[in-house]
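**Q** The amino acid sequence is not available; the structure is as follows:
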């Protein structure tokens, strides 16, 4: 991080910390966005939460759902047979 962006922040009631706009912008944290907080020895690191889009084959999803449905039907059948 650019040392010019290093600031002292006050931890307020209930642990609230206000991040100045310059720090948010430098870290890519937008207003109302979510962050991931990681605690280590003597440090807390905040990172913007970045959701990933994943391409999934719709046919694969249908196959998995069908297999799960069949497995549940077998369980129910076995339970009812006793």
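**A** Perfect, thanks for sending it. On a predicted model such as this, the values are computed, not experimentally measured, just so you know.
**Q** Distance-wise, check the residue nearest in space to the middle of the chain relative to residue 24.
**A** Nearest residue to the geometric centre of the chain (C-alpha atoms, centre = their mean): residue 49, 5.8 Å. Distance, residue 49 to residue 24, using C-beta to C-beta, to the nearest Å: 13 Å. C-beta coordinates here come from the backbone N, C-alpha and C atoms, glycine included.
**Q** before we move on, what about residue 63?
**A** 44 Å.
**Q** okay, the two: which has more neighbours?
**A** Between residue 63 and residue 24, residue 24 has the larger neighbour count (other C-beta atoms under 10 Å), namely 17 against 11.
**Q** Isn't the more buried one up against residue 32?
**A** No. Using C-beta atoms under 8 Å, residue 24 is not in contact with residue 32; the gap is 10.9 Å.
**Q** ok so, going back, pLDDT wise, what is the residue nearest to the centre of the chain at?
**A** Looking at residue 49, its pLDDT is 91.
**Q** How many neighbouring residues does residue 26 have?
**A** So residue 26, with other C-beta under 10 Å, has 14 neighbours.
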